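**Q** Quick one: sequence plus predicted model below, questions after.
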Amino acid sequence: WEISPQLRVDFFQFSYLDKILLQQSDYYKTELKLSPKFYTIYNAKPGLQIIAKIGRGFHSNDSRLLIQKFNIKMLPSATSMDLGLQTKIGNNILFHGGLWFLQLEDELVYVGDEAIVENSGKTKRRGIEAGFRFQASRFLYLDAESSYSNARSANAPENQNFIPLAAKWTHMGGITLKDFKQFSAGLRYRILTDRPANEDNSIIANGYQQFDATVNYQFKNVNIAFIAENIFNQKWNEAQFSTLSRLKDEPNAVEELHFTPGSPINFRIKLHIEF
């Protein structure tokens, strides 16, 4: 058994200076936060660990909220719990998996048009994750990880309680060649599935699949790398937000998806010299 109780203490000072009025005003506040934590590891047998964690932390807020409501909590609490295991399968596979839960006392949402942060109330997240690492040979390695998350607002009615842009399924992994003579290489992937862009899930933030590759050649103290990103030239959105906008020929503003296009296929060569 390995048992560790902990206590973290944080003291914050928040202040806000309005650079338009050029005055400090009364936007000033201090808060003290105590964060107890506890985790334990049970080594059930060689190659098998069971891990449990519970703790409280906080989400540091934006000082601009002092203008809107002085009595607002600047350090809303976060409570989390984890239960998982990691085990070795055979001589060359390491597997890990776990369940987790996270509750935020107050979810903070950035509003880009107004350049402010809003408080949206209590939220809950729970999920499961698993992954493995596999050494196929002396030079070849494979790894993969996946996670599922269910994120909801605690106070909103059903079907109106989605948390915008909270990922549901995520996947990542790849295959790596290490120190094969003077070469190393890797093929990596990451997948993010569709997710709600607003509270009622009527606007969808599109998911994507990305594949990147690298090849390295080491000669004495010189390393040359060839990097290819988005090798299948997938169209994807990097940043996505549900935002009100109005074109010049539209009578009223429309809430719809606004996005920054992700990078298309691109190639780079990197030269690294050690002295």
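**A** Structure received.
**Q** Now do the helices in this protein.
**A** Taking DSSP state H as the test, the helices found in the chain are 65-68.
**Q** Report the central residue of it.
**A** With distances taken as Cα atoms, centre = their mean, Ala167 lies nearest the centre of the chain, 8.7 Å away.
**Q** Hmm, Arg195 and that residue touching each other?
**A** Yes. With contact defined as Cβ atoms under 8 Å, Ala167 reaches Arg195; the gap is 5.5 Å. (Each C-beta comes from the backbone N, C-alpha and C, glycine too.)
**Q** who's in contact with the residue nearest to the centre of the chain?
**A** Counting by Cβ atoms under 8 Å, 6 or more residues apart in numbering, Ala167 touches 149, 192-193, 195.
**Q** Same question for Thr214.
**A** Shown in contact with Thr214 (Cβ under 8 Å, 6+ apart): 185-186, 225-228.
**Q** give me the beta-bridge partners of it?
**A** Gly186, Ile227 (DSSP bridges).
**Q** Go ahead and confirm Ile54 touches Phe38.
**A** Yes. If you go by Cβ under 8 Å, Ile54 and Phe38 touch, sitting 5.5 Å apart.
**Q** In this structure, which strand is the longest?
**A** The longest strand of the chain (DSSP state E) is strand 28-45.
**Q** got the buried residues for that strand?
**A** Under the neighbour-count criterion of 16 or more other Cβ atoms under 10 Å, strand 28-45 has 29, 33, 35 buried.
**Q** Arrange those residues in TSV, one row each, with distance to Asn216 as further columns.
**A** Listed next are the buried residues of strand 28-45 as TSV, based on distance: Cβ to Cβ, whole Å:
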residue	distance to Asn216
Lys29	51
Lys33	45
Ser35	42
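**Q** Tell me the one among the residues you listed nearest to Leu65.
**A** Of all these, Lys29 has the smallest distance to Leu65: 9.9 Å, by Cβ to Cβ.
**Q** That closest one - nearest residue in space that isn't next to it in sequence?
**A** Leaving aside its chain neighbours, Lys29 sits nearest to Phe14 (4.7 Å; criterion: Cβ to Cβ, 6 or more residues apart in numbering).
**Q** and the one you found, how many residues sit next to it?
**A** 18 (other Cβ atoms under 10 Å).
**Q** That one: what's it in contact with?
**A** Residues near Phe14 by Cβ under 8 Å, 6+ apart: 27-31, 61, 63, 66, 74.
**Q** Look up the pLDDT of Asp113 for me, please.
**A** Predicted confidence (pLDDT) at Asp113: the value is 69.
**Q** same check, this time on Pro157
**A** Pro157 is given a pLDDT of 89.
**Q** do the same with the one 5 residues further on
**A** Among the per-residue scores, Phe162 shows a pLDDT of 93.
**Q** Would you check how far apart it and Lys168 are?
**A** 10 Å (Cβ to Cβ, to the nearest Å).
**Q** got it, and Thr214?
**A** 29 Å.
**Q** For stretch 127-137, which residues meet the burial criterion?
**A** Here stretch 127-137 shows 127, 129, 131-135 as buried, counting by 16+ other Cβ under 10 Å.
**Q** how deep is the residue lying closest to Asn198 once chain neighbours are set aside tucked in, by neighbour count?
**A** Distance criterion Cβ to Cβ, 6+ apart; nearest residue to Asn198, sequence neighbours excluded, is Ser242 at 4.4 Å. For Ser242, the neighbour count with other Cβ under 10 Å is 18.
**Q** ok, Ser242 - contacts?
**A** Ser242 makes contact with 164, 197-198, 203, 205, 255-258, according to Cβ under 8 Å, 6+ apart.
**Q** Is it possible to mark the buried ones in those?
**A** 164, 197-198, 203, 205.
**Q** With distance to Ser4 as added columns, please give these in CSV.
**A** Output for the buried ones among the contacts of Ser242, formatted as CSV (distance: Cβ to Cβ, whole Å):
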residue, distance to Ser4
Pro164, 36
Ala197, 40
Asn198, 41
Ile203, 44
Ala205, 38
